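Participant: have a look at this prediction, sequence included:
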Amino acid sequence: MSDTLPKNNIFKVIGASSLGTLIEWYDFYIFGSLAVIIGHQLFPEDAGASALINTLAIFAAGFIVRPFGALVFGRLGDLIGRKYTFLLTLVLMGGSTFFIGLIPSYKSIGYAAPILVLILRLIQGLALGGEYGGAATYVAEHAPKDKRGFFTSWIQTTATLGLFLSLGIIVITKNILGAETFGDWGWRIPFLLSIVLVVVSIYIRMKMHESPMFSKLKAEGNISKNPLKESFNNKANFKMVLLALFGATMGQGVIWYTGQFYAQSFLENTCKLDFNDSRYILLWGIAFATPFFVVFGAWSDKVGRKWIMLSGMLLGILFYRPIYQMFLDDTDYTKIEQTDILSASTAPVTSVLIANSTDSLRTVSTKIMLKNGASFNKVQTDTVSATKGILLGKEVIKDKVLPTPIFWKFVGLIFFQILLVTMVYGPIAAFLVELFPTKIRYTSMSLPYHIGNGVFGGLVPFIATLIASFSGSTPLSGLWYPIGIAALSLVIGTIYLSNKRDENIND
Amino acid sequence: MNTLKKFLGLVWMVLGPLTMTFLFIQAIDKVGLTHSDIERTNTILQWAIILFIFLPISLGLMIFGFYAWKGEYDHLPESSEEL
């Protein structure tokens, strides 16, 4: 049946599925990209760093519930069909994102603000857990058997493009409104804008038909009566779920989140790059690398899925540490010579009283421009005490702007990391679809995917940052987490996975 | 290859509990290093989340190892009829 689907129809199926999935990823990622600003809005003003940590915890909660969303909506998708289930996930995602944009600040409603956002964030995570498996299954069940990798790879581009869209809209909104207005209320715009995108996507998805394979199964009365039981209580199927998780999605998840999330976090927080510079580098890297999702998806139709995915993991294991060492070396401005400096201008000294004390914090900020086009801010914060005099603080170098050649070198390094993402992620939808039978496919493929991506991958920034904070660790120590997980997945995948493609998924 | 799959199954079975033991030791160590009540609460919360998430995954790795040891992955199904 799928083999005879006209070419323009399959592209309609891909377009309608991909647009909705892209919007869901956009909704999911704007929260993380705005964590610092949201932290200021949701928590008391004196919460300081704990506001950011708590906001990141709310962000992480969205990842952790994704496997539960996979179970709930996967079951629904195998019972009532793919079309209505991922229509529901779209409504839930769009609605919760829109309402996050409307939540009053801590100043207005106190701790009800973070609690409400946490609830909405959990709904987002559940919805995303249900969305991806549905979209990938839906496209795969329409695609011809020899082009399943190619057609499902369009769905695979959506996660990266969703991140691209979220970064782009945030940067544009901030540039239009200015930093102060954006921090005040402008941050709500990317959230509110989601409702427009979702309405358009719902309109398109309403016109879609049910998957031909599911319709056939339903007509024959062969749909699963209890997909959860059949997926996980049946040993033959459960062992494939475990193999998919440990041999593929676990390694794929850490490669995805290291290349696109940890890289940005590392550039911004460890290398102290300027806000816009770190985002522009990622935007360029994504723009250049995204077509390769389709390239590797199509190639997997010819050579099989296994070795492309595992090669991506191997390259990550080998090159992450040299790449991040280059990031550190090229942003080390502590050894610059006086002759390298073009100009230095000191901003007016600011002084802030410390709460419940007579002491104050004095901040001196100097903007330094270098002859090679680079610049940075040197900030010195000292404590001025009425009794002890001036206690000198540590000098911090931040807001680094890179010289043009180094900027493009960084774009190249990010491009390479996202290229690895396209290798592991491009073929994986087709790989997962081919692993499970139609009647329990939505449930069975969603769980390993969301544990691999949501849990192993989503926790990369958190766990890597945690490891880097241990005593005796270096800024690169955090990379042992993705390297270790990818290495384990590579070994299991190499030994246990088969490279054979299941041509007949209509069973 | 099947012998390798089988014996590596033992490694996965051992790796599950080893990982959990390592995480428990790390959790106790890091909570012990905290200096204030707020810091302790935050650290306990962070590690509780990590342990809560990775406990069932470690159990899954043990089951995977057990299946490998029993030869369940010697032949992978080539069609859904085998599932």
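Facilitator: Sure thing, it's come through. Note that this is a predicted model, so its numbers are computed, not measured.
Participant: mind checking the backbone torsions on A:T387?
Facilitator: Note on A:T387: backbone dihedrals following degrees, to the nearest 10 are phi -100, psi -40.
Participant: pLDDT score for it?
Facilitator: A:T387 carries a pLDDT score of 78 in this model.
Participant: what's around it, how many residues?
Facilitator: Neighbour count of A:T387, defined by other Cβ atoms under 10 Å in any protein chain shown: 6. Any C-beta I mention is one placed from the backbone N, CA and C, and that applies to glycine too.
Participant: repeat that for A:M313.
Facilitator: For A:M313, the neighbour count with other Cβ under 10 Å is 29.
Participant: that one: which element?
Facilitator: If you go by DSSP states H and E, A:M313 is part of helix A:306-330.
Participant: next SSE after that helix?
Facilitator: Per DSSP H and E, the helix or strand that comes after helix A:306-330 is strand A:341-346.
Participant: that following strand - what's its average pLDDT?
Facilitator: Strand A:341-346 shows a mean pLDDT of 89.
Participant: stretch A:171-188 now?
Facilitator: The average pLDDT within stretch A:171-188 is 89.
Participant: and what of stretch A:292-312?
Facilitator: pLDDT averaged over stretch A:292-312 gives 95.
Participant: ok, back up a step: against which helices or strands is the helix holding A:M313 packed?
Facilitator: helix A:250-257, helix A:291-303, helix A:404-425, helix A:428-433, helix A:480-496 (3 or more Cβ pairs under 8 Å, 6 or more residues apart in numbering or on different chains; DSSP states H and E).
Participant: now it, how far from the centre of its chain.
Facilitator: Using Cα atoms, centre = their mean, to the nearest Å, the mean C-alpha position of helix A:306-330 is found 18 Å from that of the whole chain.
Participant: repeat for stretch B:1-21
Facilitator: Counting by Cα atoms, centre = their mean, stretch B:1-21 comes out at 11 Å from the chain centroid.
Participant: quick one: that stretch near chain A?
Facilitator: Yes - with Cβ under 8 Å from any Cβ of the partner chain as the criterion, chain A is reached by stretch B:1-21 at B:1, B:4-5, B:8, B:12.
Participant: residues in contact with that stretch?
Facilitator: Stretch B:1-21 is contacted from outside by A:246, A:491-492, A:495-496, B:51, B:54-55, B:58-62, B:64-71, B:73-74, using Cβ atoms under 8 Å, 6 or more residues apart in numbering or on different chains.
Participant: what does stretch A:481-493 give?
Facilitator: Contacts of stretch A:481-493 (Cβ under 8 Å, 6+ apart): A:243, A:246-248, A:250-255, A:257-258, A:262, A:306, A:309-310, A:313-314, A:316-317, A:320-321, A:456, A:460, A:463-464, A:467, B:8, B:12, B:64.
Participant: which helix or strand contains the most centrally placed residue in chain B?
Facilitator: Centroid-nearest residue in chain B, with Cα atoms, centre = their mean: B:S58, separated by 1.9 Å. Using DSSP H and E, B:S58 maps to helix B:37-69.
Participant: and what of A:L197?
Facilitator: With DSSP H and E as criterion, A:L197 is part of helix A:188-206.
Participant: how about that helix: buried residues?
Facilitator: A:188-191, A:193-195, A:197-198, A:201, A:205 (16 or more other Cβ atoms under 10 Å in any protein chain shown).
Participant: coming back round to it: give me the nearest residue to the residue nearest to the centre of chain B, chain neighbours excluded.
Facilitator: Leaving out its chain neighbours, the residue that sits closest to B:S58 by Cβ to Cβ, 6 or more residues apart in numbering or on different chains is B:G16, at 4.1 Å.
Participant: what does A:F275 give?
Facilitator: Per Cβ to Cβ, 6+ apart, closest to A:F275 is A:E268, 7.1 Å.
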